[in-house]
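> Give me the fold of what follows.
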Amino acid sequence: MKPRYRYINAPIKIRNTILKSRLIYPTAQPHYLQGPESYPADPVVSFYCQLAKNGAAMVLMHDLANDYQRSIAAYDIPHFAMYDLTDKGAQNYFTHFAYMIHYYGSKVCISLQPELPARYCVNVNGDHVHYQGGHMKNSGDDDLEFSFGALVGPEGKYPGMTEINRESHTEVFLSQDKIDEYIDVIVSRIKIYQRFQFDAAVIPIDLMLKFFCAATNHRTDTYGGSRENRAKFPVYMMEKLRGALGNDFIFYVNAPHEGDNMGVKMTRDEVVDFLKLIEPYVDILYLRSASGDLELDDTYAPGIEMGKSLKAAGIQTPIAISTPYMDLDKLENVIASGAADFIQSSHMFLCNPELGDIIREGRGEDLVPCILCHNCRGVAFTHDFMSHCTLNPRMGMEYRADKMITPAVKRKRVAI
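This next block holds a predicted model:
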């Protein structure tokens, strides 16, 4: 008898690494897991170990070691863990974390967010976006105030985007020496995690897209003008990364989509052309619709259509997709059909603390479907900053749940 979810459970070789299944957990860590510890503390480690134990072949972890993030005091970013990669003692915990994930046969991927020494721009006259980031104005007691369970403004409602003060930063033109500086920052950051025994990294492609697309590249030097010239920077960057990090390290890329990609508008042909350009260096492509995974329509999964389209266009890199499907049989068919090679899902893991057993035992009918309330994202300004799962009260409490519930010491006969 064939196992019910043999495609979901099928291992796949990526470079010289065997991924144990076709499930990937994205960069979706609850807000409140730990306090000011500068390393992955027990709550964080237990959270990710539960995902690995439940069948995730690879878990993606936030690169939460950016000092700029710490300065955004009025946003809820500080409610995430904030790490110190320069602390030798903290480094031990990162290595312990990686080894514990490896214990379950899973791999760890860091989603890069390094703090750059400058705001780099592709064109001499800037890129028309002059903001490194934003934070809420907090110039006085009447501006914003914290109350228990909510962040409210003087009118008693959460502040809108019009009240966000975005600071302007001087942009630095990416001349050849600055190009090498930028790439060296990325390489140095990844190498830190590589020493911690991390297996993969999400490679940032925003500047690569700006170089590649004619609409955003107005240079007149060797990196501008023709398609051949505009392709030089992406190839140069990927070649340097691969040369520095070796052939076994996995490169993961959030693929662009047709339409607007954070200010870079691309046609379908441009997307395909760009992906074919970097394909020799990239190991997994992640496809996500422009609206993310906020749409609740279980009958339509744009990532699946995007995957089919890219494969039909000749893209051979393994593809991971996000999908609103909350049905294991549907997900099995996605992999079996060849539309995608991986399913990247957070909600399914968060709602089902026994997901691994459900998949192994073929009990798809026991899967708890996510109702997509998005409380797991943290509801910040309207309620509290803590992430919750409406269906799984154990979420985020994996490290202490067994200690909180006393096992029954007496057996009882119960009539049902």
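
> hey, let's count contacts and neighbours off CA atoms from now on
Noted.

> List the buried residues of the biggest helix by length in the chain.
The residue-count maximum for a helix in the chain (DSSP state H) belongs to helix 176-195. Residues of helix 176-195 classed as buried: 179, 181-184, 186-187, 189-191, 193-194 (neighbour count, 16 or more other CA atoms under 10 Å).

> ditto for stretch 19-36
19-34.

> what do you get for stretch 214-225?
214, 216-219, 223-224.

> Let me see the residues that make contact with it.
122-124, 127, 210-211, 227, 229-233, 264-265 (CA atoms under 8 Å, 6 or more residues apart in numbering).

> Now rank those residues by neighbours and give me the top one.
residue 211 (26 neighbours; other CA atoms under 10 Å).

> Contacts only, for residue 187.
241, 244-245.

> Could you dump these into a markdown table and include pLDDT and neighbour count?
Formatted as a markdown table, those follow (pLDDT from 0 to 100; neighbours: other CA atoms under 10 Å):
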| residue | pLDDT | neighbour count |
| --- | --- | --- |
| 241 | 98 | 20 |
| 244 | 97 | 14 |
| 245 | 97 | 16 |
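
> among those residues, which are in helices?
241, 244-245.

> Can you tell me which of those residues lies closest to residue 114?
The closest of the ones in helices among the contacts of residue 187 to residue 114 turns out to be residue 241 (CA to CA; 15.0 Å).

> returning to that earlier point: which of the ones in helices among the contacts of residue 187 sits closest to residue 54?
residue 245 (29.4 Å).

> Now do the contacts for that closest one.
187, 191.

> Please report the distance of it from residue 107.
17 Å (CA to CA, to the nearest Å).

> Okay, now the unreliable bits of the stretch 201-350 of the chain?
289-300 (pLDDT under 70).

> now with 80?
262, 288-302, 324 (pLDDT under 80).

> In it, what residue spans correspond to strands?
250-254, 259-261, 264-266, 284-287, 319-321, 342-344 (DSSP state E, counting those that start in this stretch).

> Show me the one of those that comes nearest residue 413.
Using CA to CA, the strands of the stretch 201-350 of the chain put strand 342-344 closest to residue 413, at 42.5 Å.

> Would you mind confirming that residue 67 is in contact with residue 116?
No: Residue 67 is beyond contact range of residue 116, at 10.4 Å (criterion: CA atoms under 8 Å).

> who touches the nearest residue to residue 28 once chain neighbours are set aside in this structure?
Among residues not flanking residue 28 along the chain, residue 346 sits closest, at 6.7 Å (CA to CA, 6 or more residues apart in numbering). Applying CA under 8 Å, 6+ apart to residue 346 gives the contacts 25-26, 28.

> ditto for residue 48
59, 101.

> Tell me how far the closest residue to residue 239 other than its chain neighbours lies from residue 334.
Spatially, and ignoring its direct neighbours in sequence, residue 239 is nearest to residue 281 (7.3 Å; CA to CA, 6+ apart). Note on residue 281: its distance to residue 334, by CA to CA, is 25 Å.
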